[in-house]
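Novice: How does the following fold in three dimensions:
(2 chains)
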Amino acid sequence: MLEHLDLTMVNWARAQFALTAMYHWLFVPLTLGLSLLLAFFETLYFKTGNAAWKRITKFWMALFAINFAIGVATGIILEFEFGTNWSNYSWMVGDIFGAPLAIEGIFAFFLEATFFSVMFFGWDRLSKGMHLFSTWMVALGSNLSAVWILVANGWMQHPVGMAFNPDRARFEMQDFWAVAGSPVAISKFTHATSSSFQLAAFFVIGVSSWFLLKGRHMEMAKKSIIVAAVLGLLSSGFVAFTGDEAAHTTARVQPMKLAAMENLYTGRAGAGLVALGVPNPEKRPGDNRDAFLFKVEIPFLLSFLANRDPRSFVPGINDLVYGNPDRQLLATGKKIEKGQIAIASLKEYKKARANNDRTRSAAALSNFENYKNFLGYGYLKNPEEAVPPVVLVFYAFRIMVALGTLFPLIFAAFLFFSYKDTIARQKWLLALGIFSIFLAFVASEAGWVVAEVGRQPWAIQDLLPVSVARSNLTAATVQTTFFLFLTLFTVLLIAEVRIMLNQIKQGPEAE
Amino acid sequence: MGEALPSIWRKIFLLYRDGLRNMRLGRTLWVIILLKLFVIFAILKTFFFPDLLATRFATDAERAGHVLEQLTAMPDR
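Specialist: Residues are numbered from 1 along each chain as shown, chains lettered A, B, ... in the order given. Model prediction:
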């Protein structure tokens, strides 16, 4: 197995970034969703005046604080990694990312941070209305932070509203609203936040289920379950809707990712969606092996989801790699040739500028403009390099969708038995509720694997592959920090779980 | 209005002072946050995360030149 691992610097840097991002993403969705649930709990207290809702709000607020404290600043390590491991990339996107990340820092984070302390310290000092306002502002600030981070991420998947400046070697923003309103950014934000609400709902349901199984804090647990299950069920509908929209957008702007998600090698009209399947691990682009060892397909569904037309053509990996003239799909080999012309023109432009040769530099720049959309392809060694790790993306997508389909059923079951007032007797469901916390995290991380592994080899879609985005460092340097982080993150995770479990065991009496 | 302003600042001060004094779980969390920030900024940032372009080059023009060099040299490798 080990001999198949490619231990180059770029892969260690990718592994390190994936480790940091996936660790960071353990905390973020819980913060996003739990902040909203806190606002709901407190709104019920405000509306009813029932002190039980205040106790409930304060209990979940303590768990929210633990998650926030352990998770805070983990994102900063990602920014450090940009400077160290991905310095070319950082330089090139600095102008694009500057605006959204500055807005995130100035408005969203400050909104969240300001009202965070008011929310915790202000229970006996503020009016009920003002305190409720603070709690809503924390929820709004948390979710606004996500908007701008996902705008930046969306731009990497679908770079719009920019122009490449060959003098500064930078992508420069031309249209802020095109970047902020990119369909990829919107679908990413709506899908990521709604799935985070599901995750937080499961967190509340899971902890409450534990209380019910232990016969403790029954009223608090039952009330919490109802609110969380309602939010979870509503979010599930939204997750399905936004997920469908995300797939539709992917079909338009990242067809290779969609083909990898479906393990679709040969494109076809009226393509079916593989509901269940085992991809052939030996399958490679262009060979004659079957793509699946086994599959169950729903006819026409993939075409419908991708293009809103059940008879439409969905390109496969082979169509995208080797071209399909009938469908006007350019082969990656041709794109590589165009990309190499773009690079050569850039080189020529640089040389002419250095020699103050205006005629040559203008001609080189004009040539570059003609081929700039293929720039990234010029760095690929062969057309097959444009294919992401198909099997991983396929399974991650299946896990996400399967769990996403199961979740509303669990939420509905909790609501049903809560309505019947027999929830405390449903031991199997309560056990499933606890296990669902784990399932929700798996689904959430799987979603990120689909989004980020599925877009490989690109750091910026079609324009910059990860192999060029990296810094000039040795693999050993990055390897050292990889294991350093692994240790640090594991220690922090253990700390969080221990503090969290301790707080849960104490229950609302801890207040 | 002249008297209201100091009163507001005093209220904010008291909110934070009393809030911080009465913390129980919060104290543990603050210890974790401070420890983590120390590890992230004092250790990791200092020893393991030099911003390569910022430390190796003095001006933006030099940084742009370096990245352009990387972009145009890459296919020859």
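
Novice: Please make it C-alpha for all contacts and neighbour counts, starting now.
Specialist: OK.

Novice: Would you mind listing what in chain A touches chain B?
Specialist: Residues of chain A lying near chain B by Cα under 8 Å from any Cα of the partner chain: A:62, A:65-66, A:69-70, A:72-73, A:77, A:80-81, A:83-84, A:87-88, A:91, A:117-118, A:120-122, A:125, A:166-170, A:340, A:343-344, A:346-347, A:378-379, A:468, A:471, A:481.

Novice: Any stretches of the stretch 401-511 of chain A with poor pLDDT?
Specialist: A:509-511 (pLDDT under 70).

Novice: actually chain A, sorry about that
Specialist: Short version for chain A, where the test is pLDDT under 70: A:1-7, A:509-511.

Novice: and the most centrally placed residue in it, helix, strand or coil?
Specialist: Nearest residue to the geometric centre of chain A (Cα atoms, centre = their mean): A:W448, 4.1 Å. Secondary structure assignment for A:W448 (DSSP: H, G, I helix; E, B strand; the rest coil): helix.

Novice: Tell me which other helices or strands the lengthiest helix in chain B touches.
Specialist: Identified as the longest helix of chain B according to DSSP state H is helix B:4-21. Contacting helix B:4-21 under the criterion 3 or more Cα pairs under 8 Å, 6 or more residues apart in numbering or on different chains; DSSP states H and E are the following elements: helix A:110-121.

Novice: So which of the residues of chain A next to chain B are in strands?
Specialist: Under the assignment DSSP state E, the residues of chain A next to chain B contribute A:R170 to strands.

Novice: Please pick the buried ones from the residues of chain A next to chain B.
Specialist: A:62, A:65-66, A:69-70, A:72, A:77, A:80-81, A:83-84, A:87-88, A:91, A:117-118, A:120-122, A:166, A:168-170, A:340, A:343-344, A:346-347, A:378-379, A:468, A:471, A:481 (16 or more other Cα atoms under 10 Å in any protein chain shown).

Novice: Looking at these, which are in helices?
Specialist: Short answer: these in helices (DSSP H) are A:62, A:65-66, A:69-70, A:77, A:80-81, A:83-84, A:87-88, A:91, A:117-118, A:120-121, A:340, A:343-344, A:346-347, A:468, A:481.

Novice: I'd guessed A:V28 sits against A:I70; true?
Specialist: No - the pair A:V28 / A:I70 is not scored as a contact, 10.6 Å apart, by Cα atoms under 8 Å.

Novice: Which strands or helices does the strand or helix carrying B:V67 pack on?
Specialist: Secondary structure from DSSP states H and E places B:V67 in helix B:60-73. Helices and strands touching helix B:60-73, by 3+ Cα pairs under 8 Å, 6+ apart, are helix A:87-103, helix A:332-354.

Novice: Let me know the angle separating it from helix A:87-103.
Specialist: 130 degrees (axes from the mean of the first three to the mean of the last three Cα atoms, to 10 degrees).

Novice: Check which residues of the helix or strand bottoming out on mean pLDDT in chain B are buried.
Specialist: Ranked by mean pLDDT, DSSP states H and E, the helix or strand of chain B with the weakest confidence is helix B:4-21, at a mean of 78. Within helix B:4-21, the residues scored as buried using 16+ other Cα under 10 Å are B:15-16, B:19.

Novice: And the longest helix of chain B, how far out from the chain middle?
Specialist: 26 Å (Cα atoms, centre = their mean, to the nearest Å).

Novice: following that helix, which helix or strand comes up?
Specialist: helix B:25-37.

Novice: buried set for that following helix?
Specialist: B:25-26, B:29, B:32-33, B:36-37.

Novice: Show me what the helix or strand that comes right after that helix packs onto, helices and strands only.
Specialist: The helix or strand immediately downstream of helix B:25-37 is helix B:52-56, counting by DSSP H and E. Counting contacts by 3+ Cα pairs under 8 Å, 6+ apart, helix B:52-56 packs against helix A:74-85.

Novice: The same query, at a cut-off of 10 Å, please.
Specialist: On a contact count with 3 or more Cα pairs under 10 Å, 6 or more residues apart in numbering or on different chains; DSSP states H and E, helix B:52-56 meets helix A:74-85, helix A:87-103, helix B:60-73.

Novice: Give me the contacts around that helix.
Specialist: A:82-88, A:90-91, A:471-473, B:50, B:59-60, B:62-64, B:66-67 (Cα atoms under 10 Å, 6 or more residues apart in numbering or on different chains).

Novice: helices or strands next to the lengthiest helix in chain A in the packing?
Specialist: Across chain A, the longest stretch assigned as helix under DSSP H is helix A:9-48. Packing partners of helix A:9-48 (3+ Cα pairs under 10 Å, 6+ apart): helix A:51-71, helix A:74-85, helix A:128-157, helix A:183-214, helix A:218-253, helix A:427-453, helix A:466-469, helix A:475-506.

Novice: So which of those helices is nearest B:K11?
Specialist: The closest approach between B:K11 and any of the helices and strands packed on helix A:9-48, judged by Cα to Cα, belongs to helix A:128-157 at 14.2 Å.

Novice: Go ahead and flag the most central residue of chain B.
Specialist: Closest-to-mean residue, chain B, Cα atoms, centre = their mean: B:F41 / 7.6 Å.

Novice: got a list of what it touches?
Specialist: A:76-77, A:80, B:47, B:49.

Novice: now, among those, which is nearest to A:P383?
Specialist: Using Cα to Cα, the contacts of B:F41 come closest to A:P383 at A:F80, 32.3 Å.

Novice: Quick check: chain neighbours aside, which residue is closest to that closest one?
Specialist: Setting aside the residues directly before and after it, A:F80 is nearest to B:F49 in space (Cα to Cα, 6 or more residues apart in numbering or on different chains), at 6.0 Å.
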